[in-house]
Each structure stands twice: as structure tokens, then as C-alpha cells.
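Student: Curious how this folds, go ahead:
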Amino acid sequence: MGSKTLPEQLKSSLQYHMEQDDVRSDNDMVELFDKLTSLSEKVQAAKQKALRNRQREAALMPAKR
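Tutor: Below you'll find the predicted structure:
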């Protein structure tokens, strides 16, 4: 999976704004980053599961002529 998940995009955006001093890094931000990381892992797992299911279904379907 080459594309970034939405949580990863949010993390990148927040990181940029922290570098620009638009937002500060504090305990709340650290907690938010941890939650976004966890959510991103869950999204990746769901994508992988969906892909496996599609591949399995495609293998079970008779070839179209």
C-alpha cells in the first residue's frame, strides 16, 4: 500500500504546523500522535484484510469469458 492513511496525513500536517510554531508540542500533542499512530495501524490492517478478501474472492470466481 503506497498511499498514506488519513491519520498519517494528519500527523504530517500537525508536524508541519509544529515546525512552523503554529501549534506547540505538549503532552496533549504527544497523546494525539500516539492515537493517530494506533489508528493508522488499524487502517493499514483493515486495508490488508480487504485486499486479501478481494484476492480470495477473485480466485474463487470462475473465469469470465
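Student: Low-confidence regions, this protein specifically.
Tutor: For the chain, applying pLDDT under 70 flags the ranges 1-2, 63-65.
Student: all strands of it, in order?
Tutor: Using DSSP state E, the chain contains no strands.
Student: which helix is the longest one in it?
Tutor: For the chain, the longest helix by residue count, based on DSSP state H, is helix 27-60.
Student: so what secondary structure elements neighbour that helix?
Tutor: Under the contact definition 3 or more C-beta pairs under 8 Å, 6 or more residues apart in numbering; DSSP states H and E, helix 27-60 sits against helix 6-19. Any C-beta I mention is one placed from the backbone N, CA and C, and that applies to glycine too.
Student: contact partners of the helix it packs on?
Tutor: Helix 6-19 has contacts (C-beta atoms under 8 Å, 6 or more residues apart in numbering) with 4, 23-25, 29, 32-33, 36-37, 39-40, 43.
Student: if we go to 6 Å?
Tutor: Here helix 6-19 makes contact (C-beta atoms under 6 Å, 6 or more residues apart in numbering) with 23, 25, 36, 39-40.
Student: For PyMOL, write a command that selects the buried ones of those.
Tutor: With 16 or more other C-beta atoms under 10 Å as the burial test, the buried ones among the contacts of helix 6-19 are selected in PyMOL as follows:
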select buried, resi 36+39+40
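Student: can you redo the contacts of helix 6-19 as TSV with distance to residue 14?
Tutor: Rendered in TSV, the data for those read as follows (distance: C-beta to C-beta, whole Å):
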residue	distance to residue 14
23	7
25	9
36	8
39	13
40	13
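Student: Can you get me a residue count around residue 7?
Tutor: The burial count assigned to residue 7 is 19, neighbours taken as other C-beta atoms under 10 Å.
Student: Residue 43 now?
Tutor: 16.
Student: Next: residue 18.
Tutor: If we define neighbours as other C-beta under 10 Å, then residue 18 has 14 of them.
Student: For residue 32, see how far away it is.
Tutor: Distance of residue 18 to residue 32, given as C-beta to C-beta, to the nearest Å: 11 Å.
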